[in-house]
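**Q** My questions are about this predicted structure, shown below with the sequence.
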Amino acid sequence: MSSLSNFVKRIRDIMRNDAGINGDAQRIEQLAWMLFLKIYDAREDDWEIDDDNYQSIIPEECRWRNWAADDKSGKAMTGDTLLNFVNNTLFPTLKNLNVTPDTPLKKSIVKTTFEDANNYMKDGVLLRQVINVIDELDLSDYEESHAFGEIYESILRELQSAGSAGEFYTPRAVTDFMAKMIKPKIGEKMADFACGTGGFITSWLKELAPQVKTTADQAEYANSIYGVEKKQFPYMLCITNMLLHGLDVPNIYHDNSLLRDVLDYTEEDQFDVILMNPPYGGSEKADVKNHFPADLASSETADLFMSVIMYRLKKNGRAAVILPDGFLFGTDNAKVAIKKKLLSEFNLHTIIRLPSSVFSPYTSITTNILFFDRTGSTTETWYYRLDMPEGYKHFSKTKPMKLEHFDPVIEWWNNRQEINIDGFDKAKKYTVKQLTDDFGYNLDLCGYPHEEEEILDPMDLIQRYEEKRASLNAEIDRVLAEITALLGGTKE
C-alpha cells in the first residue's frame, strides 16, 4: 500500500527523463492507455473465472499479461525491442480490432479506447520502468483496488492544471453534492450527455451503492448509468474509471450528443435522472443547430445541451445541471425560448449560485446549479447563494472545494427561508410571474454583491462582454416594444 501513495510521483519522475513527453497533458495521456490495459487485464481475469469459454478480443501477444508483466526472469521486453513492439504491433493491432455491431460492449471498448491514443515515450528503457510501476498494482486485492480508485481520482484532478484538458473534470465536491441532492433510487437510470472522465457517474454510483442489497439490486446498479463523451481522451479515462468501479459493461459511448434531431427522441431515449455540467463557451456550427427547432437553435453549446436535457428527461424525472451565468442573464431570442420551455414544461425549483473560483484554474466564469424536475410547470423558484467558506479567499489547486463547503446549502435545503445579509439577498423565493413578467426571463438574481472583484481570463472576459451586450440589446428591444405598445403604436 505504501507504494501506492507515491505512485504518481514515481511515474512522473521517470517520464520527466523521456524526450517524447512534453508537459503534464501528454504525461497523463501516456499513463492513461497503460492503466486502461492493466485494469482491463485484471477485469478479464474475473471474466475468465466466471466464464470458461471467455475469449479476449485482444490477441494473446498484445494482452498486458503477455507483453507488459515482468516475471523478473530477465525475459521481459525492454529498450528498442519494447518500443518497436508498442509502436508497430500493439497500437496498430488495437486500433484495428475487428468490431461489428454484434461485438459486446465490454470488448468493443478496447478499439474505441485506442482510436486516437498515442505512445509519446521514445526511450524503451524508461517505458519499461513505467510499465513495471503500473504492473505492481494488485487490482485483484479489494483494498488495494479501492485505494487505487482514490489515486485515479487524483490523476483526474491533475487534468485541471494540464492545459485545455481541465474541461474534463468537474470538482468531486460539486458532483457529490448534486448526486446527494438528487437522491438516487435502485432501478433508476441516470445520464450525462457530455460525461468527460465520468465524475457525475461515479458520484451517482457512490450515492446509490448503499442501497444495493440483492443480486437483482446489483444488476440494476451496474445498469443504472449512461454516458456520452465526444473527445477521445476523456472517453478513455471514463471507461477506465468505470472498469475500476467494477462495471463490466460501462454504458459509455464515444459520440456527440448534439448530432441527433431532438424531435426524434422517444420515451425509449429518456432517463429518470440527468446530472451534467455541459461544455460552455463553445460555439456550434450551423449543421449542429439544424438538429434543434428554430427557436431553440442557439449557437452556444450549453444552451443546446439544455435543450437535449429537456427532450431526454422522463416524465417525473429529475435533473441537476451546471450552467454559466450567461444562461441566467441572457435574454437573446434562443435563451429566452429555452427558459420559456424550462419554466412552462418543467419545475425549476432551485438555483444554487456558486462562487467564481469553483472551477479554478480552468475558468473563472461564475456558474450555477439548476435543479428541476418534469412534474409540471414552475410556480416558484428558490435561489441560494453559496458564499466562500470562512478563511478562503478563493478556491485553488491546493485549496479545492470540499463537500463540507455545501453544508450550509444542505442545512437550508429542507427548511427553506429567505436570507438577507447587509442588504443583499442570499436566499430568496420568486414566483414564476416575477421571473417571466417582471424580469423578462433574466434569472440573474441573488448574485454576488462584489462583482467588481472578479478577475477573468481575457477570453472569458470577451465572452462575458459579448453575452452581456447581447442580453442588454434584447432587453432594450423588449422595453422599447412595451413603451411603443403603451403609446398605441407598433414597433417594426
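**A** Received the coordinates, thanks.
**Q** quick one: the helix or strand containing Ile338 to chain centroid distance?
**A** In the assignment (DSSP states H and E), Ile338 maps to helix 333-345. Helix 333-345 sits 24 Å away from the centroid of its parent chain (CA atoms, centre = their mean, to the nearest Å).
**Q** I'd like the next helix or strand past that helix.
**A** strand 347-353.
**Q** Can I get that next one in CSV, CA atoms only?
**A** Presented in CSV, the C-alpha positions along strand 347-353 are these (Å, rounded to 0.1, in the frame of the first residue of the first chain):
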residue,chain,number,x,y,z
ASN,A,347,-40.5,22.7,-12.4
LEU,A,348,-37.3,24.7,-11.9
HIS,A,349,-37.5,24.6,-8.1
THR,A,350,-33.9,25.6,-7.0
ILE,A,351,-30.9,27.6,-8.3
ILE,A,352,-27.7,27.4,-6.4
ARG,A,353,-25.3,30.3,-7.2
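**Q** Which strands and helices lie in contact with it?
**A** When contacts are defined as 3 or more CB pairs under 8 Å, 6 or more residues apart in numbering; DSSP states H and E, strand 347-353 packs onto strand 367-373, strand 380-385. Quick note: C-beta positions are derived from backbone N, CA and C, even for glycine.
**Q** Export only the CA atoms of stretch 483-490, formatted as PDB.
**A** Output of stretch 483-490 as PDB, limited to C-alpha atoms (Å, rounded to 0.1, in the frame of the first residue of the first chain):
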ATOM      1  CA  ILE A 483     -43.300  51.600 -24.500                       C
ATOM      2  CA  THR A 484     -44.300  51.700 -28.100                       C
ATOM      3  CA  ALA A 485     -47.300  49.400 -27.300                       C
ATOM      4  CA  LEU A 486     -48.300  51.700 -24.400                       C
ATOM      5  CA  LEU A 487     -48.200  54.700 -26.800                       C
ATOM      6  CA  GLY A 488     -50.600  52.800 -29.100                       C
ATOM      7  CA  GLY A 489     -48.100  52.400 -31.900                       C
ATOM      8  CA  THR A 490     -46.400  49.400 -33.300                       C
END
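**Q** re earlier: which one of the helices and strands packed on strand 347-353 is the most hemmed in?
**A** Among those, strand 367-373 has the highest mean neighbour count (mean count of other CB atoms under 10 Å), at a mean of 22.
**Q** That one: how far from the chain's middle?
**A** 15 Å.
**Q** Next: stretch 52-69.
**A** 31 Å.
**Q** For it, which outside residues touch it?
**A** With contact meaning CB atoms under 8 Å, 6 or more residues apart in numbering, stretch 52-69 is reached by 34, 37-38, 40-41, 44, 47-48, 76-77, 85, 89-90, 93-94, 97, 99, 103, 107-108, 110-111, 131, 134-135.
**Q** Show me which positions of that stretch end up buried.
**A** 56-58, 62-64, 67-68 (16 or more other CB atoms under 10 Å).
**Q** so Pro210 sits in a helix?
**A** Yes - counting by DSSP: H, G, I helix; E, B strand; the rest coil, Pro210 is part of a helix.
**Q** Give me the pLDDT value at it.
**A** The model reports Pro210 with a pLDDT of 96.
**Q** separation between it and Tyr221?
**A** 11 Å (CB to CB, to the nearest Å).
**Q** Comparing the two, which residue is more hemmed in?
**A** Tyr221 (20 against 7; other CB atoms under 10 Å).
**Q** how about that one, phi and psi?
**A** phi -60, psi -50 (degrees, to the nearest 10).
**Q** ok, back up a step: could the helices and strands packed on strand 347-353 go into TSV alongside mean pLDDT?
**A** Formatted as TSV, these follow (pLDDT from 0 to 100):
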stretch	mean pLDDT
strand 367-373	96
strand 380-385	98
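**Q** So what pairs up with Val273 in the strands?
**A** Here Val273 sits in beta bridges with Met190, Arg318, going by DSSP bridges.
**Q** so who does it touch?
**A** Counted by CB under 8 Å, 6+ apart, Val273 has contacts 182, 184, 188-191, 204, 317-319.
**Q** go on, Gln232?
**A** Gln232 touches 115-117, 254, counting by CB under 8 Å, 6+ apart.
**Q** Kindly give a single PyMOL line that selects the buried subset of those residues.
**A** A single PyMOL command selects the buried members of these (16+ other CB under 10 Å):
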select buried, resi 117+254
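**Q** Show me which of the contacts of Val273 are buried.
**A** Here, 16+ other CB under 10 Å leaves 182, 184, 188-191, 204, 317-319 buried among the contacts of Val273.
**Q** What helix or strand is Lys9 located in?
**A** Using DSSP H and E, Lys9 falls in helix 7-15.
**Q** Would you mind listing the outside residues contacting that helix?
**A** The contact list for helix 7-15 (CB under 8 Å, 6+ apart) reads 3, 21, 27, 30-31, 121, 126, 129-130, 133-134, 137, 148, 151, 154-155, 158.
**Q** Likewise for stretch 212-220?
**A** Contacts for stretch 212-220 (CB under 8 Å, 6+ apart): 186-187, 211, 221.
**Q** Would you indicate which residues of that stretch are buried?
**A** With burial defined by 16+ other CB under 10 Å, the residues of stretch 212-220 counted as buried are 212, 220.
**Q** Please identify which pair of the buried ones among the contacts of Val273 lies farthest apart.
**A** Farthest-apart pair in these is Trp204 and Gly317; separation 13.8 Å (CB to CB).
**Q** quick one on the thing from earlier: out of the contacts of Gln232, list just those in strands.
**A** The strands, defined by DSSP state E, take in His254 from the contacts of Gln232.
**Q** nearest to Gln434, of the contacts of Gln232?
**A** Closest to Gln434 out of those is His254 (43.4 Å), distances taken as CB to CB.
**Q** doesn't Asn290 make contact with Arg260?
**A** No - with contact defined as CB atoms under 8 Å, Arg260 does not count as touching Asn290 (11.0 Å).
**Q** More neighbours: the two, which one.
**A** Per other CB under 10 Å, whichever of Arg260 and Asn290 has more neighbours is Arg260, with 14 against 11.
**Q** contacting residues around that one?
**A** The contact partners of Arg260, by CB under 8 Å, 6+ apart, come to His291.
**Q** how about 10 Å then?
**A** If you count contacts by CB atoms under 10 Å, 6 or more residues apart in numbering, Arg260 has them with 269, 291, 308, 311.
**Q** Now the first one: phi and psi?
**A** It stands for Asp269. According to degrees, to the nearest 10, Asp269 has phi -90, psi 10.
**Q** Adjust the sequence numbering to begin at 187 for everything that follows.
**A** Sure thing, new numbering starts at 187, so read that last one as Asp455.
**Q** and it, how far is that from Gly674?
**A** Computed as CB to CB, the Asp455 to Gly674 distance reads 49 Å.
**Q** what do you get for the second one?
**A** According to CB to CB, His477 stands 42 Å off from Gly674.
**Q** try the last one
**A** Tyr497 sits 41 Å away from Gly674 when distances are taken as CB to CB.
**Q** More neighbours: the two, which one.
**A** Tyr497 (20 against 6).
**Q** Next, count neighbours for the residue nearest to the more buried one when sequence neighbours are not counted.
**A** Spatial nearest neighbour of Tyr497, excluding adjacent residues (CB to CB, 6 or more residues apart in numbering): Val448 at 4.4 Å. Val448 has 19 neighbours, counted by other CB under 10 Å.
**Q** Val448 and Lys475 touch, don't they?
**A** No - the pair Val448 / Lys475 is not scored as a contact, 11.1 Å apart, by CB atoms under 10 Å.
**Q** Overlap of the contact sets of the two?
**A** 482, 490.
**Q** can you give me the strands in the stretch 287-436 of the chain?
**A** Counting by DSSP state E, counting those that start in this stretch, the stretch 287-436 of the chain has strands at residues 376-378, 411-415.
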